[in-house]
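A.B. asks: have a look at this prediction, sequence included:
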Amino acid sequence: MITVYNSANGKLIRGGPEVADASALWLDLLAPTPEEEQAVETLLGIDVPTREEMQEIEVSSRLSREGDVFYMTTPVLTNSTGFNPENVAVTFILVRGLLVTVRYATPQAIAGFVGRLERMQPPPASAGELTLGLLEAMVDRMADVLERIALELDGISHRIFHQATPARPRRRTNSRDLEATLRTIGRGGDLQSKARDTILGLRRIVAFLPTAADTLGVRDAGTRIKTIGRDVQSLSEYADFLNNKIAFLLNATLGMISIQQNNIIKLFSVVAVLFLPPTLVASIYGMNFHFMPELDKAWGYPFALLAMLAAALLPYWIFKRKGWL
């Protein structure tokens, strides 16, 4: 599908390919068919990359210049609030005052920018301004995603390290809670890595963009590009911080699971040790020797029971005194 944005009478008008003319500022290709790609290539004299070419990771394949045509491809995070976030490649092509975008999904950043586009006053007057606006929308979206990840990590940190007070007892974290925590950390780490990939792509585009006002058609192009670059740099540093925090919380959660497992093994070990002395006493008096004086006495049975009880209580007292329980 091809959507064309034209500038007319101080407004930005949206329509189909039939309205494309010299006033067009933006051609947005969403999952284009081979016929649509061929039509754009014939109209503009450019090479529209295929979906397979957009997936290539070499910098030379993602960023290139052919005369006055700039090709820029970056992964953009989409479905960040769902259970299956992914990065989709988006290609920006700047050609003689026209912006062409090629994409096979609609990231939230682009959808939000398009939703605001027709309400902007004054509207974008050049392809360069549209390009910078899209980049700024992507940066803002990545900031929102990282902020949400940080809030989730803060909640996980509180659940793991919060200490209960005597005045407010707290239910002990069980293995199911820790398993759910591990899954939450894993999803956060996956989302953070995909957001970082998008940030890295934006960083490369900002470094590749021409800063000349006459090339982009934006008076303060250099200043805006520097601002975007600083924002992207700060997001990259914050993403690294979140990556370290995710690794720390992952290790802490695994440590809590190990502590719980050790406590369970410790409990079984203590119970086994407590029952060993009574079992020994019972085994002695269960032997079938003829000459066992206690067997003929009336106090023999109570004596054996008391001996087994004492044999169990003595190790328990020793363990408590040593602080092992």
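C.D. replies: Cool, got the structure.
A.B. asks: find the centremost residue of the protein, please.
C.D. replies: Nearest to the mean C-alpha position of the chain, counting by CA atoms, centre = their mean, stands residue 191 at 1.9 Å.
A.B. asks: quick one, phi/psi of it?
C.D. replies: Per-residue torsions, residue 191: phi -70, psi -40 (degrees, to the nearest 10).
A.B. asks: what about the nearest residue in space to it that is not next to it in sequence, how many neighbours?
C.D. replies: Using CB to CB, 6 or more residues apart in numbering and skipping the chain neighbours, the partner closest in space to residue 191 is residue 85 (5.3 Å). Every residue, glycine included, has its C-beta placed from N, CA and C. Neighbour count for residue 85, taken as other CB atoms under 10 Å: 17.
A.B. asks: cool, the one 4 residues further on as well?
C.D. replies: In terms of burial, residue 89 registers 22 neighbours under the definition other CB under 10 Å.
A.B. asks: where's the closest residue to residue 70 other than its chain neighbours relative to residue 48, distance?
C.D. replies: Distance criterion CB to CB, 6+ apart; nearest residue to residue 70, sequence neighbours excluded, is residue 94 at 4.3 Å. Distance, residue 94 to residue 48, using CB to CB, to the nearest Å: 14 Å.
A.B. asks: swap in residue 181?
C.D. replies: Distance from residue 181 to residue 48, by CB to CB: 46 Å.
A.B. asks: so where is the stretch 101-250 of the chain shaky, pLDDT-wise?
C.D. replies: Counting by pLDDT under 70, the stretch 101-250 of the chain has low-confidence residues at 163-175, 211-214.
A.B. asks: one more time with 90
C.D. replies: 101, 103-133, 152-194, 201, 205-225, 228, 249-250 (pLDDT under 90).
A.B. asks: strands of the protein, start to end?
C.D. replies: With strands called from DSSP state E, the chain shows them at 2-8, 11-15, 24-30, 63-66, 69-78, 86-95, 98-103.
A.B. asks: so who does residue 155 touch?
C.D. replies: Listed by CB atoms under 8 Å, 6 or more residues apart in numbering, residue 155 has no contact partners.
A.B. asks: could you do residue 178 as well?
C.D. replies: Contacts of residue 178 (CB under 8 Å, 6+ apart): 253, 256-257, 260.
A.B. asks: still on that earlier bit, and for residue 94 and residue 48, which residues touch both?
C.D. replies: residue 100.
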